[in-house]
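Q: my questions concern the predicted model and sequence given below.
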Amino acid sequence: MLSHKFTVTTDELLSLTKVSRCLGQLIDQIKNKTLEKIIVLKNNEAEVAIIDLNEYLRLKSIADQAELMEINHIVEGRKDIPLESYISLNDMLAKTDAHRKIRVN
């Protein structure tokens, strides 16, 4: 099930059968920018999108940058946490081991 709404033309919405028959032509249309994307339907459900490689790389770069920004935000937020609040790896492993023993017994 799709979690985002998007706009698609009837030319861009194709069955898997149609795509498999005309893949070469469809790729040419995407490369030539006569089609922006192809939404492939399988059992009348949108399954995948076919887009230009440069557009995919642009979108991937944006997603990667957003992920780095999120990680940076988390790291920046942790700078204000006092060191006394942290637990060592050995202590954490010991506590985890203790919890495992309690569950088993």
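A: Nice, I can see it.
Q: mean confidence score for the longest helix belonging to the chain?
A: Secondary structure assigned by DSSP state H gives helix 53-78 as the longest helix of the chain. If you average the pLDDT over helix 53-78, you get 95.
Q: show me how far that helix is from its chain's centre.
A: Offset of helix 53-78 from its chain centre (CA atoms, centre = their mean, to the nearest Å): 11 Å.
Q: phi and psi next, for L13.
A: phi -100, psi 110 (degrees, to the nearest 10).
Q: partner residues bridging the nearest residue to it once chain neighbours are set aside?
A: Nearest non-adjacent residue to L13, counting by CB to CB, 6 or more residues apart in numbering: I39, 5.1 Å away. To be clear about C-beta, it is placed using only N, CA and C from the backbone, and glycine gets the same treatment. In this structure, I39 bridges to L13, A49 when assessed by DSSP bridges.
Q: ok, the residue nearest to S15 when sequence neighbours are not counted - how many residues close by?
A: Excluding its sequence neighbours, the residue lying closest to S15 (CB to CB, 6+ apart) is L41, at 5.1 Å. L41 has 16 neighbours, counted by other CB atoms under 10 Å.
Q: so which bits of whichever helix or strand L41 is part of are buried?
A: Following DSSP states H and E, one finds L41 within strand 37-42. Buried positions in strand 37-42, judged by neighbour count with 16 or more other CB atoms under 10 Å: 38-41.
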